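Peer 1: Need coordinates for the below:
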Amino acid sequence: MRGAFSYDRNGKTGGEVIPMAVEACLTQNVQVDEFIANHTVATDFLYYRRVKPPWSFYAGSTLLPSTLRWYASGPGGLHLTERHAGKPLTQAVPHGLNVRLALTLPSNNAVDLVGLDRTPYIDAANALIAKVMGQ
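Peer 2: Sure thing, here's the model as predicted:
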């Protein structure tokens with residue numbers, strides 16, 4: 001579980017709110033859903049990934065930029081995949097199922113989070129706690 005509670009304020013990893021919520025739960029006895037529901041720093045909810053040729057990002061058949069930031073979303077969101085040019089290789093993007101793209105960086109305030117489904121973040125944080133606690 002090395003690194004399970006680390007987070008990067010430079011935006012190069014993703015879903016930073018998850019280890020923050022776990023840390024708050026285990027050290028300050030704050031409920032995960034309460035922490036995530038009240039967290040208002042938009043970039044802490046973003047996932048980040050970059051691909052280099054010959055790989056490309058796609059949402060369905062739509063080619064996307066090679067550097068992406070996205071929010072986990074509820075049902076009906078985009079499904080991200082990586083495809084290899086010249087080979088029939090396609091792979092899922094971690095945390096890339098049902099997403100809402102953030103093609104520009106948010107301004108880091110609550111307005112960027114309006115309508116965001118926080119359930120995937122709560123579920124991921126609870127799963128990490130269960131894993132750490134050996135459940």
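
Peer 1: Need the outlier residue of this protein, farthest from its centre.
Peer 2: Centroid-distance maximum for the chain: residue 86 at 28.8 Å, with CA atoms, centre = their mean.

Peer 1: right, and that residue touches residue 55 too?
Peer 2: No - assessed by CB atoms under 8 Å, residue 86 is found out of contact with residue 55, at 10.7 Å. Quick note: C-beta positions are derived from backbone N, CA and C, even for glycine.

Peer 1: one step back: excluding chain neighbours, what is closest to the residue farthest from the centre of the chain?
Peer 2: Using CB to CB, 6 or more residues apart in numbering and skipping residues adjacent in sequence, the residue nearest residue 86 is residue 54, 6.1 Å away.

Peer 1: And for the one you found, the neighbour number?
Peer 2: 11 (other CB atoms under 10 Å).

Peer 1: and it, what are its phi and psi?
Peer 2: Here is the backbone geometry of residue 54 (degrees, to the nearest 10): phi -90, psi 10.

Peer 1: Okay, it and residue 87: tell me how far apart.
Peer 2: According to CB to CB, to the nearest Å, residue 54 and residue 87 sit 8 Å apart.

Peer 1: got the contact list for stretch 51-64?
Peer 2: Contact with stretch 51-64 is made by 49, 65-66, 68, 78-87, 93, 101, as judged by CB atoms under 8 Å, 6 or more residues apart in numbering.

Peer 1: Enumerate the positions of it that are buried.
Peer 2: Within stretch 51-64, the residues scored as buried using 16 or more other CB atoms under 10 Å are 51, 56-59, 64.

Peer 1: In TSV, list the residues you listed along with secondary structure and distance to residue 37.
Peer 2: TSV is the format used below for the buried residues of stretch 51-64 (DSSP: H, G, I helix; E, B strand; the rest coil; distance: CB to CB, whole Å):
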residue	secondary structure	distance to residue 37
51	coil	32
56	strand	35
57	strand	30
58	strand	32
59	strand	28
64	coil	30
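
Peer 1: Done for today, thanks.
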